[in-house]
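Engineer: With the input below, show me the fold.
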Amino acid sequence: MGPELMDGIRKQAERFGAELLTDDVTRVELTGPLKTAWVGGAVYTARAVVLATGSAWRPLGVPGERELLGHGVSSCATCDGFFFRGQHVIVVGGGDSAMEEATFLTRFAETVTIVHRRDTFRASKAMQSRAANDPKIRVEWHHVVEEIIGADGKVAGARLRDVRSGQTKVLDAGGVFVAIGHDPRSELFRGQVDLDGGGYVRVDHPHTRTNLPGVFAAGDLVDHTYRQAVTAAGTGCAAALDAERFITSLAAP
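Structural biologist: Model (predicted):
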């Protein structure tokens, strides 16, 4: 459903004259009246820019994670959960996202083990209660994942370490879902637009304008609360309207 939705949005944008480039922006200059973006070997300029680079899931940074990404390591239960029907899976994290991932995975997995370094969750009471009352979910308190173990090119389990005693053990699993948070993709703009302590772009709510005239931001780049497709699309629409009004104001007498 996601790919079909994106394809429909792309085709609609193209019908209205939008040009789509599939390349990386390697550098931007946003501080002057004319904004510049370096894309591959080309340079583009504009009077207004909308920043919408989103956020990326935060990896564990342990051995085996990168090598097995897409082969049992995932950050999206709704995307990949059905691949783990009847298997044992691990969810790493202690917030609402981890509870949501774990609860969703019980639709497919035989068991779901939440691995959390503390003895309490950060998640809301409602989310904690839902996970606690699910017979398929168990918790490994005071543990961290030290290594994701593979066999035949896919996840076979994880090595856990007790943060109190230092003892380790191996937990067999067919999948490991990482849910320890997201980081905004804002490094490209650092030093130009204002960022908050988490690296998210600051905007003048309820508008999408940043501290720089003609520069607007939307989606997960500014939102560390909801991070949903519908909320990102809503702020994207708002940013487009704000940018249009800004350009119109430049032509006003």
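Engineer: quick one: the strands in the stretch 1-150 of the chain?
Structural biologist: 25-29, 35-39, 42-46, 49-51, 55-57, 73-74, 88-92, 111-115, 137-140, 143-151 (DSSP state E, counting those that start in this stretch).
Engineer: right, so of these, which gets closest to Gly234?
Structural biologist: Closest to Gly234 of those is strand 49-51 (Cβ to Cβ; 13.5 Å). Glycine gets a C-beta too; all of them are placed from N, C-alpha and C.
Engineer: Okay, buried residues for the helix or strand harbouring Cys237 please.
Structural biologist: If you go by DSSP states H and E, Cys237 is part of helix 229-251. Neighbour counts over helix 229-251 (16 or more other Cβ atoms under 10 Å) mark 232, 235-236, 238-240, 242-243, 246 as buried.
Engineer: Same question for stretch 190-209.
Structural biologist: By 16+ other Cβ under 10 Å, the buried positions in stretch 190-209 come out as 192-193, 195, 199-201, 203, 208-209.
Engineer: Report pLDDT for Val178.
Structural biologist: Note for Val178: predicted pLDDT of 98.
Engineer: I'd like the numbering to begin with 27 instead of 1 from here.
Structural biologist: Sure thing, new numbering starts at 27, so read that last one as Val204.
Engineer: hang on, the earlier thing: kindly provide the whole-number mean pLDDT of the helix holding Cys263.
Structural biologist: Per-residue scores along helix 255-277 average to 95.
Engineer: Over to stretch 220-240?
Structural biologist: Mean pLDDT, computed over stretch 220-240, is 97.
Engineer: Buried ones in stretch 103-116, by neighbour count?
Structural biologist: Buried residues in stretch 103-116 (16+ other Cβ under 10 Å): 103, 106-107, 110, 113-116.
Engineer: Could you identify which of the strands of the stretch 27-176 of the chain is most buried?
Structural biologist: When the strands of the stretch 27-176 of the chain are scored by mean count of other Cβ atoms under 10 Å, the highest mean neighbour count falls to strand 114-118 (a mean of 26).
Engineer: Give the other helices and strands that it contacts.
Structural biologist: Judged by 3 or more Cβ pairs under 8 Å, 6 or more residues apart in numbering; DSSP states H and E, the packing partners of strand 114-118 are helix 122-131, strand 137-141, strand 201-204.
Engineer: how about 10 Å then?
Structural biologist: Contact here means 3 or more Cβ pairs under 10 Å, 6 or more residues apart in numbering; DSSP states H and E; on that basis strand 114-118 packs against helix 103-106, helix 122-131, strand 137-141, strand 163-166, strand 169-177, strand 180-188, strand 194-198, strand 201-204.
Engineer: In contact with Ser34, which residues?
Structural biologist: If you look again at residue 34, you'll see it is Gly, not Ser. In this structure, Gly34 makes contact with no residue, judged by Cβ atoms under 10 Å, 6 or more residues apart in numbering.
Engineer: Hmm, I typed the wrong one, I wanted Arg36.
Structural biologist: Counting by Cβ under 10 Å, 6+ apart, Arg36 touches 44, 46.
Engineer: any idea how far it is from Thr129?
Structural biologist: According to Cβ to Cβ, to the nearest Å, Arg36 and Thr129 sit 32 Å apart.
Engineer: Redo the strands of the stretch 27-176 of the chain as TSV? Include distance to Asp246.
Structural biologist: Shown next, in TSV, are the strands of the stretch 27-176 of the chain (distance: least, Cβ to Cβ, whole Å):
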stretch	distance to Asp246
strand 51-55	17
strand 61-65	20
strand 68-72	22
strand 75-77	11
strand 81-83	4
strand 99-100	18
strand 114-118	20
strand 137-141	24
strand 163-166	27
strand 169-177	25
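Engineer: just so I know, which of these lies nearest Ala243?
Structural biologist: Across those, Ala243 has its closest neighbour in strand 75-77 (4.2 Å, Cβ to Cβ).
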